[in-house]
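**Student:** the following comprises the amino acid sequence and a computationally predicted model.
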Amino acid sequence: MDTLLDGYRRFRDSGWTNNRARMQALASEGQKPQALIVACSDSRADPAMVFDTAPGELFVVRNVANLVPPYDPDGDFHGTSAALEFGVRVLEVPHLIVMGHQKCGGVHSMVHGFPERAQDFVEPWMKMAEPALVAAKAAGTPFDLLDDVCEYETVKLSLTHLRTFPWIAAREADGRLQLHGFRFGIADGVLEQLQPDGSFVAV
């Protein structure tokens, strides 16, 4: 905790000072982010770092393995869907991004088996990503590459699920919203973007 508080003090001494005018404007005028990003909770794949953005530019929702559940307004708790609704329908972001990443722990557990301490919530959550594993296996992916391929496939799956939300599909159809898929390489810093043909190409 001391390390975090030391970081806060550095922020107050420099980061806050450098961004004072911007933060005060955001506080009084509200936010108008240019993109909503669904990213993984992994501490090594921070979207603000990857895209080098300032406060107010991104509306970010993070969860295990950057997954989007299908549209299902059933009255249960839906944190990711709630963030999507706010970002798309209230803030009216023009871009909606799913960003996967290399060495995803959720994907690794899905492929290799869940540790005993991650079965109450992580295992059931990752069940929605099983079609990604099925697709990777159906493509004849060697076992030692399954993690990598599934990381790409979960991005595609989440984009598919995004389009089950009627207000996302409608906005994409009329051009108010663009959907994008990316995968970030932790080891090499390379960001790859999903292409119309289903491939990922380095930016």
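**Tutor:** On my side now, so go ahead.
**Student:** all contacts plus neighbour counts: C-alpha atoms, from now on.
**Tutor:** Fine.
**Student:** residues near P115, how many?
**Tutor:** 10 (other C-alpha atoms under 10 Å).
**Student:** what sits against it?
**Tutor:** The neighbourhood of P115, defined by C-alpha atoms under 8 Å, 6 or more residues apart in numbering, consists of S109.
**Student:** could you check the pLDDT of it?
**Tutor:** The predicted local confidence for P115 comes out at a pLDDT of 93.
**Student:** could you count how many residues lie near M110?
**Tutor:** Neighbourhood size, M110 [other C-alpha under 10 Å]: 18.
**Student:** not counting sequence-adjacent ones, nearest residue to it?
**Tutor:** What sits nearest to M110 in space, not counting adjacent residues and going by C-alpha to C-alpha, 6 or more residues apart in numbering, is M126, at 6.7 Å.
**Student:** so for that neighbour, what's the pLDDT?
**Tutor:** pLDDT, M126: 97.
**Student:** check the one 4 residues further on too.
**Tutor:** Predicted confidence (pLDDT) at E130: the value is 97.
**Student:** my guess is the residue nearest to M110 contacts G106. True?
**Tutor:** Yes. In this structure M126 lies within contact range of G106 using C-alpha atoms under 8 Å: 6.9 Å.
**Student:** higher neighbour count, these two?
**Tutor:** The residue with the greater number of neighbours, taking M126 and G106 and applying other C-alpha under 10 Å, is G106; the counts read 26 against 18.
**Student:** the more buried one: what's it in contact with?
**Tutor:** By C-alpha under 8 Å, 6+ apart, the neighbours of G106 are V64, A65, V122, M126.
**Student:** out of the residues you listed, which is most surrounded?
**Tutor:** Across those, neighbour numbers were computed from other C-alpha under 10 Å; A65 holds the maximum, 27 neighbours.
**Student:** list the contacts of it.
**Tutor:** Counting by C-alpha under 8 Å, 6+ apart, A65 touches A39, C40, S41, G100, C104, G105, G106, V107, M126, T154.
**Student:** the second one reaches V98, doesn't it?
**Tutor:** Put plainly, it is C40. No. Using C-alpha under 8 Å as the test, C40 is too far from V98 to be in contact (9.1 Å).
**Student:** which residues are in contact with each of the two?
**Tutor:** Common contact partners of C40 and V98 (C-alpha under 8 Å, 6+ apart): N66.
**Student:** what's downstream of the helix or strand bottoming out on mean pLDDT in the chain, the next helix or strand?
**Tutor:** Using mean pLDDT, DSSP states H and E, helix 16-29 stands out as the lowest-scoring helix or strand of the chain, at a mean of 88. Remark: after helix 16-29, the chain's next helix or strand is strand 35-40, criterion DSSP states H and E.
**Student:** can you check which helix is longest in this protein?
**Tutor:** Longest helix of the chain, by residue count under DSSP state H: helix 146-162.
**Student:** on that earlier part again, and which of the contacts of G106 is nearest L145?
**Tutor:** Distances from the contacts of G106 to L145 were compared by C-alpha to C-alpha; the smallest belongs to A65, at 17.0 Å.
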